[in-house]
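>>> quick one, what's the 3D model for this:
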Amino acid sequence: MKCLRFSYNEFNYTLWRLFALDIYEAIRNRTSTRAFEDRAVSRDVIHEILDTARWAPSGGNTQPWQVAVVSGTAKQQIGDALADARSSGQTPNPDYKYYADRCAEPYRSRQKACGFALYGALGIERGDRAARLDQWLKNYHGFGAPVELLFLVDANIEQGSWLDIGMFIQNVMLAARGHGLETCPQATVAEYPDIVRRILKLPDSLSLVCGVAVGYPDREHPVNNYRTERDPVNSFTKWYGS
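So this is what the prediction gives:
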């Protein structure tokens, strides 16, 4: 029987291909999960996820991100307070503006299609305002996920550092998949940052960027079994040069 022999470079290339395929799967099959199993996520697992994500790039290696890991009674308290604020008609006062006042095309159509897909998967009719509100309020409790990661930055940073934070958050969501977990990034959690800062006793010098719900997905739930569309590469890409 002949022994198979690989050069050092061939061996490294083979490993790279196996790893690359895992990366492609992690990116393409990531979804915003909105129903989770009633199953705890250990502190060690969250630590490992963040330990992996911290290798995200940042301008000048500034690493501008900060994370508050919220679970248990603290998570319940924040969720209840945010839901109460929304239900009582309190005006949101986020630390930054997420959407334009008037969302132009094609962005508005994409937003509407996303909403139709979500509520359609849940069987919620367009005119059923009560059911839609009930679903919306689940945002503030992370859709039942056991852990909510809150991402914060110094209030005096500039827009470039927000790009860094986005790359860090994406790393978190992909690293979570390596542990069999799924996530849902949530700008809604940042609608009332003063409430979050008060409960967690955080300084006003920290801006709340968003939350990310983390947990084991309920893969049978209808809300986790639809996909939003993505435009093809040539619709947003222009090629220059040879």
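
>>> can you pull out the helices in the protein?
Under the criterion DSSP state H, helices of the chain are mapped to 8-28, 43-53, 72-87, 107-122, 129-137, 159-177, 193-200, 233-236.

>>> Asp95: which of those is closest?
The closest of these to Asp95 is helix 193-200. By CB to CB, the value is 5.0 Å. (Each C-beta comes from the backbone N, C-alpha and C, glycine too.)

>>> can you list the helices of the chain in TSV and add mean pLDDT and mean neighbour count?
Formatted as TSV, the helices of the chain follow (pLDDT from 0 to 100; neighbours: other CB atoms under 10 Å):
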stretch	mean pLDDT	mean neighbour count
helix 8-28	73	10
helix 43-53	97	16
helix 72-87	97	16
helix 107-122	91	13
helix 129-137	91	13
helix 159-177	96	18
helix 193-200	98	17
helix 233-236	96	8
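
>>> could those go into a markdown table alongside distance to Leu152?
Supplementary listing: the helices of the chain in a markdown table, determined by distance: least, CB to CB, whole Å:
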| stretch | distance to Leu152 |
| --- | --- |
| helix 8-28 | 25 |
| helix 43-53 | 14 |
| helix 72-87 | 13 |
| helix 107-122 | 26 |
| helix 129-137 | 23 |
| helix 159-177 | 9 |
| helix 193-200 | 9 |
| helix 233-236 | 31 |
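
>>> among the ones you listed, which is nearest Glu148?
Each of the helices of the chain has some distance to Glu148 by CB to CB; the shortest is helix 72-87, at 5.4 Å.

>>> contacts for that closest one next, please.
Applying CB atoms under 8 Å, 6 or more residues apart in numbering, the contact partners of helix 72-87 are 70, 92, 133, 136-137, 140-142, 146-148, 188-189, 191-192, 195-196, 199-200.
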